[in-house]
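[1] Dropping the sequence and predicted coords here.
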Amino acid sequence: MRESCYIMTKTINPINPPKTKKELFSRTIDILHHGIYQMPDKYRGTGAPGTFLEDLLGLTTGNKDIPDSLGWEIKYYTKKTNLITLFHKEPRPVDAVRYMVSKWGWKDAQGRMSFRHTIAGKSATFKIDLDGDQLWIHRIGGNGVAPHWTQDDILNAAGSKLRRVMLVLGEKVGQAVTYTRADCFEDLEVLAFISEVHSGVVKIDFDAREKTPGSKTLRNHGTKFRVSPGDMCRLYTKKFAKHEAIHLLISKFDELARRRYVASSDDIYRANEELVIKLEKLIPDTDNNGGE
């Protein structure tokens, strides 16, 4: 277990965005090694650790629907995270969500029609069908307006934002946050993505309601495409497997170092990472899944 240092942080001075992938990865590794951060009071709510991480990396995204840095989308999660939101994309036709609320919704405590529903391939009342290059949501045993997306809809929404993704695992206790792991994925497979939506690996999440009882105006939190952290790898061809394979190969040296030498776990961890990075440059890639 790595030693931790508790850092009191009153303010975060603006940091220039990383200019290269190497610089982005180097900053990320430093953050993982850093230990516990105490976030300033302005970082509040469930999204605080992700926003704080962006500031530490020098990113200024403002929650825009574009990759965060150098084409990399940074997403924070915890061990308790069930689903990560990949992107928002409303279905066709334009009034599809309004129809779902009116036809299949229910009244909330304030008397507003509400439709909050997650579909993982198939739910008790809806199913996802794949017809040619289109994804359709059909009511089981019903008819009417069927929300749908074309392959181009998915490509435009996912292709630009999710071409490269870095998932960063962390833990938050009060205002203290620790970042412990980062996994990188590259080359999104759009056809595989559509297939995984159909199969239920990628979930479609509706969350909309009337603004006031009986009103035509909706409060729509956006139709989300979501996936569990452990299934993210199923959407990509390049998963930085070589890096992890080298870690497995040198794991025996790690064990011997911890037995024979008086050194902190963090020192050994850093030495291992430096060795892995050097070996990555020497070992050629053998296929699309192995390289970086």
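    Arrived safely. Residues are numbered from 1 along each chain as shown.
[2] what about the strands in the stretch 151-292 of the chain?
    Assigned strands in the stretch 151-292 of the chain, in chain order: 164-173, 176-188, 203-210, 218-220, 224-227, 236-238 (criterion: DSSP state E, counting those that start in this stretch).
[3] Which one of those strands lies nearest to Leu86?
    With CB to CB as the measure, strand 224-227 is the member of the strands of the stretch 151-292 of the chain nearest Leu86 (4.8 Å). For the C-beta atoms, the positions are set from N, CA and C on the backbone; glycine is no exception.
[4] pLDDT below threshold where in the stretch 101-250 of the chain?
    238-250 (pLDDT under 70).
[5] ok, the residue positioned nearest the centre of the chain to Val227 distance?
    For the chain, the residue nearest the mean C-alpha position is Lys75 (4.3 Å; CA atoms, centre = their mean). To Val227, Lys75 is 10 Å away according to CB to CB, to the nearest Å.
[6] Find the residues that touch each one of those two.
    Ile84 (CB atoms under 8 Å, 6 or more residues apart in numbering).
[7] okay, the strands of the stretch 151-292 of the chain in CSV with distance to Ile84 and mean neighbour count next?
    Shown next, in CSV, are these (distance: least, CB to CB, whole Å; neighbours: other CB atoms under 10 Å):
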stretch, distance to Ile84, mean neighbour count
strand 164-173, 7, 18
strand 176-188, 12, 18
strand 203-210, 10, 21
strand 218-220, 20, 17
strand 224-227, 6, 19
strand 236-238, 14, 18
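[8] can you redo those as CSV with distance to Gly105?
    Listed next are those as CSV, based on distance: least, CB to CB, whole Å:
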stretch, distance to Gly105
strand 164-173, 33
strand 176-188, 33
strand 203-210, 7
strand 218-220, 10
strand 224-227, 17
strand 236-238, 35
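[9] and Met113, which of those is closest to it?
    Among those, strand 203-210 sits nearest to Met113 (CB to CB), with 4.9 Å.
[10] Touching that closest one from outside, list them.
    If you take CB under 8 Å, 6+ apart as the criterion, strand 203-210 is touched by 83, 85, 97, 100-101, 105, 108, 112-120, 128, 137, 197, 217-227.
[11] got it, and stretch 230-237?
    In contact with stretch 230-237 (CB under 8 Å, 6+ apart) are residues 84, 162, 165, 167, 183, 185-189, 192-193, 196, 201-202, 227, 239, 288-289.
[12] Would you work out how far apart the start and end of that stretch are?
    15 Å (CA to CA, to the nearest Å).
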